[in-house]
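Trainee: sequence first, then the predicted structure, then my questions.
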Amino acid sequence: MRITIWGCRGSLATPGPGTLKFGGNTSCVTAELSDGTLIVFDAGTGIRNLGVHLAASGPHEIHLCLSHFHLDHVEGIGFFAPIFDPRTTLHIWGPPSTERSLEERTSLYLSPPVFPLALSEIPAQMEFHDVPEDSWRIGCGRIFATEVSHPGTTLGYRLSENGSVFAYLPDHEPAVGIPLESLSPDWMSGFAIAAGATALVHDAQYSEDEYPTKVGWGHSSVADAVAFASRTTVEQLLLFHHDPLHDDSQLDALQERALELWKGYGRPPALAREGMTFEL
Amino acid sequence: MLEAKPGKDLMLILARELATNASTPMFIADAEGTLVFYNEPAERILGRPFAAAGEINASEWEDMFKVETLDGQPMPLDQMPSGIAFLERRAASGPVRIKSLDGRTHTLETTAFPLFKRGQDFVGVVVLFWE
């Protein structure tokens, strides 16, 4: 499968000269499977550029897997060009709720006065699916989702195809108020998503100095992200959900810190950046 | 490794995080009745550190910790607040006496409540103790 990063900024889009290297668009990652199936993880502002790309080349059936409904993960959906093409079928997968359907929760954003159009006015076919408890098939891939530690119901995704596993935990705090090293791996949130993955996209919003004042906010320090990847025996860690207050030079420093903390399992950790693409 | 390894349910993980940071003695059992965690304040009541005990299955911990009524009679599982929460899936409170592994007897108020995840699936029980 081919993975492409379209947006890796956390919390708020951050354009400007200070973020040119890693990018300022919020969460959006694609996995293109060997049979051409396209799976999109999250609809942050990065999905706008993806939509421009798809408008020229298709496909017309697209699977969008939402991790949760915080605005930085859904705000791009109204600017995703394929939804204005009636040939498009967009399958939206997301966390279940006992109170509101996935369609109703999506409509909270895709409706006036927050957005000019109502969901019913979108030309594309929109099909909504609560993620099942067990894994399911999308194209030639198998995907699994489960709730992870982050305020509001939030999912992590685990996608496998042809012996490779891509794990997506964009907003995640694997242990709140407990040192990660004190827990056995099965007590860490996100273990079932990340264990043994070929590549893991994981939240690393904060430096170790910043994290103590952000405990419980649902995000990780670079140190915890590296430790989590090590404990779950991930081959390649990609640090993700960059803080809007961190410019490129600060992110370079976090990259250096991640390499210092890395204990040599798998490949060296890297910071996700817009436009990054790789094969698994 | 294509199939996901099962981890603990997020509800249990969050309950453990709460218990770890609480000064109230708490223990957590999963849907099978296995005692999967108790916090440091509960170690004084149960008489053994969790790090030494590890997870304890239902039949073992019922034998290890003798639960009695206030007049010293054995308390059946279906009358214990923890048993009611587990068997009837509802919150329950009441006084109990516990004989711990170090031989001491504790008179306690106990509150137990069930944990449900999405779809109302039962994932376990949290028990709190007040001396």
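Mentor: Everything's here; your move. Please read these numbers as outputs of a predicted model, since none were measured by experiment. Numbering: from 1, shown residues only, chains lettered A, B, ... in the order given.
Trainee: what number of residues lie near B:Leu108?
Mentor: For B:Leu108, the neighbour count with other CB atoms under 10 Å in any protein chain shown is 16. Any C-beta I mention is one placed from the backbone N, CA and C, and that applies to glycine too.
Trainee: could you look up the SS state of the residue lying closest to it once chain neighbours are set aside?
Mentor: Spatial nearest neighbour of B:Leu108, excluding adjacent residues (CB to CB, 6 or more residues apart in numbering or on different chains): B:Phe129 at 4.7 Å. Secondary structure, DSSP: H, G, I helix; E, B strand; the rest coil: B:Phe129 is strand.
Trainee: what's near enough to touch B:Phe129?
Mentor: B:Thr24, B:Pro25, B:Met26, B:Ala42, B:Ile45, B:His106, B:Leu108, B:Glu109, B:Thr110 (CB atoms under 8 Å, 6 or more residues apart in numbering or on different chains).
Trainee: one more time with 10 Å
Mentor: Counting by CB atoms under 10 Å, 6 or more residues apart in numbering or on different chains, B:Phe129 touches B:24-27, B:38, B:41-42, B:44-46, B:81, B:96, B:98, B:106, B:108-112.
Trainee: helices - which of these land there?
Mentor: B:Pro41, B:Ala42, B:Arg44, B:Ile45, B:Leu46, B:Pro81 (DSSP state H).
Trainee: could you measure from the residue nearest to B:Leu108 over to chain A?
Mentor: 21 Å (CB to the nearest CB, to the nearest Å).
Trainee: look up how far A:Ser34 lies from A:Glu256.
Mentor: Going from A:Glu256 to A:Ser34 by CB to CB, to the nearest Å gives 36 Å.
Trainee: hang on, I meant B:Arg44
Mentor: Counting by CB to CB, the gap from B:Arg44 to A:Ser34 is 58 Å.
Trainee: those two: who's more crowded?
Mentor: B:Arg44 (15 against 12).
Trainee: my guess is that one contacts B:Thr24. True?
Mentor: No. Applying CB atoms under 10 Å, one finds B:Arg44 not in contact with B:Thr24, separated by 12.0 Å.
Trainee: where in chain B is the helix or strand with the lowest mean pLDDT?
Mentor: helix B:58-64 (a mean of 82; mean pLDDT, DSSP states H and E).
Trainee: which strands or helices does whatever helix or strand comes next after that one pack on?
Mentor: Per DSSP states H and E, the first helix or strand lying C-terminal to helix B:58-64 is strand B:66-68. Helices and strands touching strand B:66-68, by 3 or more CB pairs under 10 Å, 6 or more residues apart in numbering or on different chains; DSSP states H and E, are helix B:81-88, strand B:92-99, strand B:105-116.
Trainee: pick the most buried one from these.
Mentor: helix B:81-88 (a mean of 20; mean count of other CB atoms under 10 Å in any protein chain shown).
Trainee: tell me the angle of that helix relative to strand B:105-116?
Mentor: 30 degrees (axes from the mean of the first three to the mean of the last three CA atoms, to 10 degrees).
Trainee: give me the contacts around helix B:81-88.
Mentor: B:27, B:29, B:31-33, B:35, B:58, B:62, B:67, B:75-78, B:80, B:90-96, B:109-115, B:122, B:124-129.
Trainee: any idea how far the closest residue in space to A:Pro82 that isn't next to it in sequence is from A:Ile122?
Mentor: Nearest residue to A:Pro82 in three dimensions, chain neighbours excluded: A:Thr88, at 4.3 Å (CB to CB, 6+ apart). Note on A:Thr88: its distance to A:Ile122, by CB to CB, is 9 Å.
Trainee: of the two, which one has the most company?
Mentor: A:Thr88 (23 against 18).
Trainee: for the more buried one, give me its contacts.
Mentor: If you count contacts by CB under 10 Å, 6+ apart, then A:Thr88 has A:51, A:54-55, A:58-62, A:80-82, A:122-126 around it.
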